[in-house]
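K.L.:
dropping a prediction and its sequence here:
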Amino acid sequence: MDAATKIAKQRLSVLELAEILGNVSEACRRRGMTRTQFYEYKRRFQTHGLEGLKDLPPIPKSHPQTTPPEVVRKILELALKHPAWGCNRLEHLLKAEGVSVSSVTIQKILNEHELGTRHARWLALEQQYAEKGIRLTKEQVAFIEKQNPCFRERHVESSRPGELLSQDTFYVGRLKGVGKVYLHAVVDTYGSYAFGFLHTSKQPEAAVSVLHNDALPFYAAHGLKVEAVLTDNGTEFCGVEGHPYETYLDLNDIEHRRTKVKSPQTNSFVERFNRTVLEEFFRVKFREKFYEDVPSLQKDLDEWLHFYNHDRPHLGYRNQGRTPYETVAQFARKSVRKEG
């Protein structure tokens, strides 16, 4: 085993240890690694596998074929400016500006700086937007939105977990002997942490239950307050004076935001979650198992939600490779340190 592979496996062992312990900080402490390094290696492993954990050998400064630093910077700048472009197109653009670099060399440089694929450029752009607040061009915005539909909702103000939740009612299907079953879903617009409650009706009381029993206690346990909930204009959420759902929000000092009247949907956060839970849970489970009651289906849904929130890394906007729970816990820890 060469030295590069040995180092890569050592770094992989830290990622595996964190998964076993369920605690990134403890794994980093045991192996002498910073959390910044941990998430960098995690991102590289998710993107390139074990090869991504290897250190590339440095290019000798005196090598006659070394691309000048200013040209490398120009290539990286153009790759992010036009993230959907291939190397041949970048080669022609550079040539028009008086810089002669082959497409093969451009690809090599992008690979060395972890920008060799559209997927990598998407993650890099979102990270810069989230951490540095860079101004995106229309071309960059269109590219990121195509990769991650949730990014369309970046205009929704959400600076911390619990600040704005998105809620929707999703028709699951019909159980024999039970009737129609609906999923009352709530998704955090900050880090995509999700809650789900199954019921045979779309009544306001069912919509309130997922907030009262699941969402609000979760954020309270982490020292966070739920400030607003965004819904569509369904009858389970809106109605005459004294409507149960709106009354519950008022009693808990939670702002109720609603989508435009002509829009039948809420926003991309909850819409994307609905598609995910349909494809990864309901369609799979309904093929594997026959459900005779809602509680049995809810039990399996709760197990899947734990996986979705605690074990399934979410790439892109807000999470940057972390799980939704890691995003919530990280913010909660920062808040405690600030208050201390």
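P.N.:
Perfect, thanks for sending it.
K.L.:
in this structure Leu123 contacts Thr47, no?
P.N.:
Yes: using C-beta atoms under 8 Å, Leu123 is in contact with Thr47, at 7.2 Å. Yep, even glycine has a C-beta here, placed from its N, CA and C like the rest.
K.L.:
more neighbours: these two, which one.
P.N.:
Leu123 (23 against 17; other C-beta atoms under 10 Å).
K.L.:
against Gln298, how distant is the more buried one?
P.N.:
Here the criterion is C-beta to C-beta, to the nearest Å. By it, Leu123 lies 35 Å from Gln298.
K.L.:
can you pull out the low-pLDDT segments for the stretch 201-340 of the chain?
P.N.:
Applying pLDDT under 70 to the stretch 201-340 of the chain flags the ranges 260-268, 315-320, 335-340.
K.L.:
can you show me the strands along the stretch 1-150 of the chain?
P.N.:
Counting by DSSP state E, counting those that start in this stretch, the stretch 1-150 of the chain has no strands to list.
K.L.:
please enumerate the helices of the stretch 1-150 of the chain.
P.N.:
In the stretch 1-150 of the chain, helices defined by DSSP state H, counting those that start in this stretch lie at 3-21, 24-31, 35-48, 69-81, 87-96, 103-112, 118-132, 138-147, listed in chain order.
K.L.:
the fourth one vs helix 138-147, what angle?
P.N.:
Relative orientation of helix 69-81 with respect to helix 138-147: 60 degrees, computed using axes from the mean of the first three to the mean of the last three C-alpha atoms, to 10 degrees.
K.L.:
outline the domain layout of the chain.
P.N.:
3-53, 69-147, 164-339 (automatic domain parsing).
K.L.:
deepest of these, which one?
P.N.:
Of the domains of the chain, the one with the most neighbours on average (mean count of other C-beta atoms under 10 Å) is domain 164-339, at a mean of 17.
K.L.:
which intervals of the stretch 1-150 of the chain have sub-threshold pLDDT?
P.N.:
Checking the stretch 1-150 of the chain against pLDDT under 70 turns up 1, 56-65, 130-131, 133, 148-150.
K.L.:
now the helices of the stretch 1-150 of the chain in CSV, please, with extra columns for distance to Lys54.
P.N.:
Converted to CSV, the helices of the stretch 1-150 of the chain look like this (distance: least, C-beta to C-beta, whole Å):
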stretch, distance to Lys54
helix 3-21, 4
helix 24-31, 17
helix 35-48, 9
helix 69-81, 20
helix 87-96, 22
helix 103-112, 12
helix 118-132, 16
helix 138-147, 26
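K.L.:
so which of those helices comes closest to Arg272?
P.N.:
Nearest to Arg272 among these is helix 138-147; the distance by C-beta to C-beta comes to 12.0 Å.
K.L.:
can you name the next helix or strand after that closest one?
P.N.:
Downstream of helix 138-147, the first helix or strand assigned by DSSP states H and E is strand 164-175.
K.L.:
ok, the closest residue to His113 other than its chain neighbours - contacts?
P.N.:
Sequence neighbours aside, Leu76 is the residue nearest to His113 in space, at 5.8 Å (criterion: C-beta to C-beta, 6 or more residues apart in numbering). Each residue near Leu76 by C-beta atoms under 8 Å, 6 or more residues apart in numbering is listed here: 109-110, 113, 115.
K.L.:
how about Leu301?
P.N.:
Shown in contact with Leu301 (C-beta under 8 Å, 6+ apart): 183, 196, 198, 277, 281.
K.L.:
can you tell me the closest non-neighbouring residue to the third one?
P.N.:
Setting aside the residues directly before and after it, Leu198 is nearest to Gln298 in space (C-beta to C-beta, 6+ apart), at 4.8 Å.
K.L.:
the one you found belongs to a helix?
P.N.:
Yes: checked against DSSP: H, G, I helix; E, B strand; the rest coil, Gln298 lies within a helix.
K.L.:
surely Leu198 meets Ser296?
P.N.:
No: Leu198 lies out of contact with Ser296 (C-beta under 8 Å); the separation is 10.0 Å.
K.L.:
coming back round to it: among the contacts of Leu301, which one sits closest to Gln330?
P.N.:
Distances from Gln330 to these, taken by C-beta to C-beta, are shortest for Gly196, at 23.1 Å.
K.L.:
would you agree the closest one is in contact with Val210?
P.N.:
Yes: if you go by C-beta under 8 Å, Gly196 and Val210 touch, sitting 7.0 Å apart.
K.L.:
which residues do the two both contact?
P.N.:
184-186.
K.L.:
can you redo these as CSV with distance to Tyr129 and secondary structure?
P.N.:
Formatted as CSV, those follow (distance: C-beta to C-beta, whole Å; DSSP: H, G, I helix; E, B strand; the rest coil):
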residue, distance to Tyr129, secondary structure
His184, 32, strand
Ala185, 26, strand
Val186, 25, strand
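K.L.:
kind regards, and thank you for your time.
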